[in-house]
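Trainee: return atomic coordinates for the entry below.
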Amino acid sequence: MGCLLAVGLLFSTPSFAFQQDSLAQDTAVSAASDTVEEGQADTAATAATAEGGEATAATTTSKSSSSSSSSASVLDEGPQIDPQVYKNMTYYILLFLILCTVVAVVGKVLSIYELTRKMNGRYNPFANNTFQSILLVIFLVAFLGFVYYGYVVWGDWAWRSAVTEHGERIDTMFIVTTVIITVVLVLVHILLFTFPYIYRMRKGTKAYYYPHNDTIEKIWTIVPAIVLTVLVLFGFFTWRSITNVPEELQKSAIQVEVLGEQFQWQVRYPGADGVIGKRNYKLTTPMNSYGIDFNDKHAWDDIQASDIVIPVNKSVRFHIISKDIIHSFYIPDFRVQINAVPGMTNYFQFTPTMTTEDMREKMDDPKYDFIMLCNKICGSGHYNMQKKVIVVTEEEYKEWLSTQNKYFTEDLQKEFAAANAEVSKELTTASLN
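Mentor: Numbering: from 1, shown residues only. Below you'll find the predicted structure:
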């Protein structure tokens, strides 16, 4: 079994994959070269015999050129995918199985060794207990070392400061929770792995039967309950402070509506009136896929956008809705996440504190962008559920807004006017542009 796994692992190693990739490329290049040489040979033969047939030579030359171009297109046909991409999973599964096999073999050998010593009368249970307890202490040191390594080396990869006002409060809550659970993690594992060493079976010692202690029971029940209660209340009040926005601040904020559907997001901004028009799923048509109710005049100047663009240091209130199933509006850098649920509107209001350009300078990455994702697995095209979030200055935001197209296009106006003859005259005189 182990030999079979080892052979399988060999065929999944990066070096073997590289050889396969090189062989495949060499084969492709060789085939292309043969095609080109055949074309050149045909051209030469035609040129030698075509004293009175220039048209034939031209035709054959054209054929050779097309053969060369087709062979070149074979080589240039899309990016070459490293076969190792498809082998990584197999490689690590086989590696895991080999490790399991090694552990099983070592365990069996030790079991046979222990049985042999018992048969020879040389088995010492005290030495075996000491050995096992020392192994547990070694594991404890290695485990805590890996925990420390993970925090120090990989901590920055998982942590980036929030770029919204409310995000700082969420970060504080996260840090407090992380500190508490890290302390608990270290203490519990120290007790868990040092007790077997301290209280291991030794000659001349006798285990004390200690079945119950009310004081200890109270301590390890009440203390965790208090800590968990504090953390829950901390999260509850933090969330309330973020989502319970006074009505006057709701009205003064910039309004943006985001609609999720399989598998894309649609974004709608209000026009000059600052009010987003009503919508109704029953009004959805091939032309009006958003289902906007144009009987509401506030919808006439609404703006459709391809990206989410918002000004820095300005409060923005998002209206989150769904057209089909549950999606989730998630912007990691902003510490924003709220579900998009069919049949209801959820709201999230926040203030960004850093522009996209400032973030790019901070990250030293000129291509960095804030991304809004769907954080609910919503189907086979879930990976498409993302949209760029661009934070700009207020002046840049106003300039961008003035260049966007209105949702109520001429075709929609005609469709609406045909269904509502009484408002056709009003549409004709209304200034929608």
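Trainee: all strands of the protein, in order?
Mentor: 254-261, 264-269, 303-305, 308-311, 316-322, 327-331, 336-340, 346-350, 370-374, 386-392 (DSSP state E).
Trainee: deepest of those, which one?
Mentor: Mean neighbours per residue, mean count of other C-beta atoms under 10 Å, is largest over the strands of the chain for strand 327-331, with a mean of 23. For the C-beta atoms, the positions are set from N, CA and C on the backbone; glycine is no exception.
Trainee: re earlier: with distance to T194 and mean pLDDT added, can I get the strands of the chain in a markdown table?
Mentor: Supplementary listing: these in a markdown table, determined by distance: least, C-beta to C-beta, whole Å; pLDDT from 0 to 100:
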| stretch | distance to T194 | mean pLDDT |
| --- | --- | --- |
| strand 254-261 | 51 | 92 |
| strand 264-269 | 53 | 91 |
| strand 303-305 | 60 | 86 |
| strand 308-311 | 53 | 93 |
| strand 316-322 | 50 | 94 |
| strand 327-331 | 42 | 94 |
| strand 336-340 | 40 | 92 |
| strand 346-350 | 47 | 94 |
| strand 370-374 | 44 | 92 |
| strand 386-392 | 48 | 92 |
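Trainee: so how far is stretch 101-120 off the chain centroid?
Mentor: 46 Å (C-alpha atoms, centre = their mean, to the nearest Å).
Trainee: over to stretch 156-169?
Mentor: Taking mean C-alpha positions (C-alpha atoms, centre = their mean), stretch 156-169 and its chain are 17 Å apart.
Trainee: what average pLDDT does it get?
Mentor: Mean per-residue pLDDT for stretch 156-169: 85.
Trainee: list of residues touching that stretch?
Mentor: Outside stretch 156-169, the residues that touch it by C-beta atoms under 8 Å, 6 or more residues apart in numbering are 170-171, 238, 241-242, 333-336, 350-354, 359, 370, 391.
Trainee: that older thread, any chance of the strands of the chain in a markdown table, plus distance to K414?
Mentor: Formatted as a markdown table, the strands of the chain follow (distance: least, C-beta to C-beta, whole Å):
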| stretch | distance to K414 |
| --- | --- |
| strand 254-261 | 24 |
| strand 264-269 | 21 |
| strand 303-305 | 18 |
| strand 308-311 | 29 |
| strand 316-322 | 27 |
| strand 327-331 | 32 |
| strand 336-340 | 31 |
| strand 346-350 | 34 |
| strand 370-374 | 33 |
| strand 386-392 | 30 |
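Trainee: among these, which is nearest N280?
Mentor: The closest of the strands of the chain to N280 is strand 316-322. By C-beta to C-beta, the value is 11.4 Å.
Trainee: CA atoms only: put the closest one into CSV for me.
Mentor: Only the C-alpha atoms of strand 316-322 are listed here, as CSV (Å, rounded to 0.1, in the frame of the first residue of the first chain):
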residue,chain,number,x,y,z
VAL,A,316,-23.5,56.7,2.3
ARG,A,317,-26.7,54.7,2.9
PHE,A,318,-27.0,51.5,0.9
HIS,A,319,-30.4,49.9,0.2
ILE,A,320,-29.7,46.1,-0.2
ILE,A,321,-32.3,44.0,-2.1
SER,A,322,-32.4,40.7,-4.0
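Trainee: what's the angle from it to strand 336-340?
Mentor: For strand 316-322 against strand 336-340, the angle by axes from the mean of the first three to the mean of the last three C-alpha atoms, to 10 degrees is 30 degrees.
Trainee: how far away is G291 from S322?
Mentor: Noted for G291: a distance of 12 Å to S322, by C-beta to C-beta, to the nearest Å.
Trainee: right, I'll leave it there.
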